[in-house]
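Peer 1: My questions concern the predicted model and sequence given below.
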Amino acid sequence: MALVNDSALRDVTGISKEEEQRIIDFLQGAVYCWCKNRPNKWLSMRELMGGDNYYWQRTPLFVLYQKHINKGKDSESAVKDAGIDSGWLLKRVIHDDKRTFDSRYEGRINQYLWTGEEDDE
């Protein structure tokens with residue numbers, strides 16, 4: 001377990017296992033870059049993907065938005081719900097990481113901070 005303040009994980013439904021794995025791989029790469037370049041700064045899905053900019057075209061995350069559009073939601077609702085889905089997938093990435101992260105809930109979003117520790121597995 002890589003989260004110090006561990007809480008429940010949720011599965012994201014409505015996408016294929018292959019799509020989910022592509023998103024997880026994509027987010028894992030983003031987390032590695034964050035930890036390398038900003039080791040003492042809290043990260044969140046919002047921060048990783050550029051603030052409130054949810055233009056995910058040409059990234060594996062776009063299927064989350066498309067999933068909600070296909071359910072008949074308007075663009076604003078699809079963006080919001082895709083953001084929630086992506087947050088759950090990020091939490092899974094952080095949880096499964098070999099490094100240890102602290103977590104907090106601030107500003108209505110989950111944030112994570114690498115503690116500097118990692119498993120030697």
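Peer 2: Yes, it's here. Numbers count the residues shown, from 1 in each chain.

Peer 1: In the protein, spot the strand with the most residues.
Peer 2: Using DSSP state E, we find that the single longest strand of the chain is strand 109-118.

Peer 1: what mean pLDDT does stretch 27-38 have?
Peer 2: Mean pLDDT, stretch 27-38: 95.

Peer 1: any idea of the pLDDT on the closest residue to Ser77 other than its chain neighbours?
Peer 2: Spatial nearest neighbour of Ser77, excluding adjacent residues (CB to CB, 6 or more residues apart in numbering): His68 at 6.8 Å. No exception for glycine: its C-beta is placed from N, CA and C like everyone else's. We have a pLDDT of 97 for His68.

Peer 1: Neighbours of His68, how many?
Peer 2: Neighbour count for His68, taken as other CB atoms under 10 Å: 21.

Peer 1: and Asp102, that's in a strand?
Peer 2: Yes. Membership of Asp102 in a strand is supported by DSSP: H, G, I helix; E, B strand; the rest coil.

Peer 1: Looks like it contacts Leu113 (just checking).
Peer 2: Yes. Under the criterion of CB atoms under 8 Å, Asp102 makes contact with Leu113 at 4.7 Å.

Peer 1: Looking at these two, which is more packed in?
Peer 2: Leu113 (18 against 13).
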